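# from the sequence below, what's the structure:
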Amino acid sequence: MNREELMALSTDEKLVFKQRFIDHCHAILNDRVAMLEEAVKDAQDSANNEDKSSAGDKHETARALSQNSRDLNASVLAEALKERDFLLSLKDTDPAEFVKNGAVVLTSSFNAFVCINLGKVDFEDLSIMSISPSAPIAQKMLKLKKADKFNFNNRETLLLDVF
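This is a model prediction of the structure:
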């Protein structure tokens, strides 16, 4: 589906599209969570299984690196779980008449989903940037509605549709 076909859909059809997109993002997050859980487990196993060698400093350094890796992955995992929970809270999608959390926004330059920071998501032949509402470009769009314009990085952008 291209952008023009999406804009031509009825409000109910757009909401069905948005729900399918949310479900797709949820699947991406589930994959990310599973990968991060495995990375945390592997780093913890590595830290636990460091064999004591005759070079004690080498052992301690390897253990510390494994623990740092575990802590970093655990932090990223916690953020992914928060994002997944937030995405689940959008199950009952309402039409958005202005740009807000959970809105799909079609502009003259790009397509966006204002909700969580997943980056570029390819879905049904469309590229949609999944961005956090705190992202600078989202901040420029918040509370705008269809046919409004905004400037970002010295570039004027027109909102073609919001739902």
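
# which SSE is residue 156 in?
Assessed by DSSP states H and E, residue 156 sits inside strand 155-162.

# I meant residue 86, not that one.
helix 56-88.

# for that helix, packing partners?
helix 11-48 (3 or more Cβ pairs under 8 Å, 6 or more residues apart in numbering; DSSP states H and E). Heads up, the C-betas are built off the backbone N, CA and C, glycines and all.

# and the residue nearest the centre of the protein?
residue 118 (2.3 Å; Cα atoms, centre = their mean).

# residue contacts, that residue?
Residues near residue 118 by Cβ atoms under 8 Å, 6 or more residues apart in numbering: 25, 28, 29, 83, 130.

# what comes up buried for the helix or strand bottoming out on mean pLDDT in the chain?
Lowest mean confidence among the helices and strands of the chain (mean pLDDT, DSSP states H and E): helix 56-88, at a mean of 81. Within helix 56-88, the residues scored as buried using 16 or more other Cβ atoms under 10 Å are 63, 66-67, 69-70, 73-74, 76-77, 80, 83-84, 87.

# please apply the same query to stretch 15-35.
Neighbour count says stretch 15-35 has 15, 17, 18, 21, 22, 24, 25, 26, 28, 29, 32, 33 buried, by 16+ other Cβ under 10 Å.

# how about the fifth one, nearest residue that isn't a chain neighbour?
Translated: residue 22. Closest residue to residue 22 apart from its sequence neighbours, by Cβ to Cβ, 6 or more residues apart in numbering: residue 90 at 5.6 Å.

# list the contacts for that neighbour?
Going by Cβ under 8 Å, 6+ apart, the list of residues near residue 90 reads 22, 102, 115.

# can you tell me the SS state at the residue nearest to residue 135 when sequence neighbours are not counted?
Once flanking residues are discounted, residue 135 sits nearest to residue 117: 6.9 Å by Cβ to Cβ, 6+ apart. Following DSSP: H, G, I helix; E, B strand; the rest coil, we place residue 117 in the coil state.

# neighbours around residue 117, how many?
14 (other Cβ atoms under 10 Å).

# still on that earlier bit, just want the angle from the least confident helix or strand of the chain to helix 11-48.
160 degrees (axes from the mean of the first three to the mean of the last three Cα atoms, to 10 degrees).

# could you spell out the sheet neighbours of the next helix or strand after helix 56-88, each with its direction?
The C-terminal neighbour of helix 56-88 among helices and strands, as given by DSSP H and E, is strand 103-107. Sheet pairing of strand 103-107 (DSSP bridges) gives strand 111-114 (antiparallel), strand 155-162 (antiparallel).

# many thanks, have a good one.
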